[in-house]
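> Kindly return the folded structure for what I paste below:
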Amino acid sequence: MKQVIRKTILALREQLSYDTRAAYSAAIIERLIQLPEYQQANLVLGYMNFGAEFASELWIQQALADGKKLALPRVNHHTSQLDLYWVDDLENQLAPGLWGIREPVVELCERLDTPNEVEFALLPGVAFSRNGARLGYGGGFYDKLLARMTSKPALAAAAFALQIVEQIPQEATDVKVEWIITEQETVDCSA
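Coordinates of the predicted model:
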């Protein structure tokens, strides 16, 4: 079931033109920065987009411009987990990593000792349901990261409206998001 949803949504997302994705991403960022939880957070976790995803890099630039301290993930191949690093210079502190996604360069960034410092996290995903269920790319990286956190940050996801589906099968380890921000609406998943 998850594979079918993943394949369907990825295909739909790929069909959006570059200009459409750019316009949707700009609208999503406008909504995202209005969230009180984002505005109140000093330490935020983002991710670098790839493929036809929401343009998270633009949100990251906005977060830095807003004076936020920014953490970005890097896949640790030894532990199969995400390590988080502070980044303030996207040009010089990132390099292509796993699957070509730009990641922090270990030698140029300070590692977070504990992910608990993060107050607001923007999570990637392929599909979402209105109750906050999230379908990622299948690696479980973010679920493992969130499981390691003893204090949970506010969890949001930015997605195109076409990525919202009726239902996503959930496992006990799956972590739900509190908000889904699309180009059309801000979904409060606890409502």
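
> Report pLDDT for the residue positioned nearest the centre of the chain.
Central residue of the chain (CA atoms, centre = their mean): Leu123, 2.4 Å from the mean position. Listed pLDDT for Leu123 reads 95.

> Check the offset of the worst-scoring helix or strand of the chain on mean pLDDT from the chain's centre.
Lowest mean confidence among the helices and strands of the chain (mean pLDDT, DSSP states H and E): helix 141-148, at a mean of 90. Here the centre of mass of C-alpha atoms in helix 141-148, compared against the chain's by CA atoms, centre = their mean, to the nearest Å, lies 13 Å away.

> so what does the very next helix or strand once past that helix touch, helix or strand wise?
Next helix or strand after helix 141-148 toward the C-terminus (DSSP states H and E): strand 154-158. When contacts are defined as 3 or more CB pairs under 8 Å, 6 or more residues apart in numbering; DSSP states H and E, strand 154-158 sits against helix 18-32, helix 36-40, strand 120-123, strand 179-181. For every residue, glycine as well, the C-beta is placed using N, CA and C.

> Now distance to Gly138 too, for those, in TSV please.
TSV is the format used below for the helices and strands packed on strand 154-158 (distance: least, CB to CB, whole Å):
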stretch	distance to Gly138
helix 18-32	22
helix 36-40	27
strand 120-123	14
strand 179-181	19
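
> ranges for the helices of the protein?
With DSSP state H applied, the chain shows helices at 2-15, 18-32, 36-40, 56-65, 90-93, 141-148, listed in chain order.

> now those helices in JSON lines, with distance to Ala71 and mean neighbour count?
Conversion of the helices of the chain to JSON lines gives the following (distance: least, CB to CB, whole Å; neighbours: other CB atoms under 10 Å):
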{"stretch": "helix 2-15", "distance to Ala71": "26", "mean neighbour count": "14"}
{"stretch": "helix 18-32", "distance to Ala71": "17", "mean neighbour count": "16"}
{"stretch": "helix 36-40", "distance to Ala71": "14", "mean neighbour count": "13"}
{"stretch": "helix 56-65", "distance to Ala71": "10", "mean neighbour count": "18"}
{"stretch": "helix 90-93", "distance to Ala71": "12", "mean neighbour count": "12"}
{"stretch": "helix 141-148", "distance to Ala71": "11", "mean neighbour count": "17"}
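
> I'd like these laid out as TSV, including distance to Trp99.
Converted to TSV, the helices of the chain look like this (distance: least, CB to CB, whole Å):
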stretch	distance to Trp99
helix 2-15	13
helix 18-32	19
helix 36-40	27
helix 56-65	15
helix 90-93	18
helix 141-148	11
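
> just for the protein, where's the confidence low?
When residues are selected by pLDDT under 70, those of the chain lie in 191.

> that older thread, just the residues contacting the least confident helix or strand of the chain, thanks.
Taking contacts as CB atoms under 8 Å, 6 or more residues apart in numbering, the residues outside helix 141-148 that touch it are 73, 75, 80-82, 84, 115, 121, 123-124, 134, 136, 152, 155, 173-175.

> Measure how that helix sits relative to strand 154-158, angle-wise.
Computed with axes from the mean of the first three to the mean of the last three CA atoms, to 10 degrees, the direction of helix 141-148 lies at 170 degrees from that of strand 154-158.
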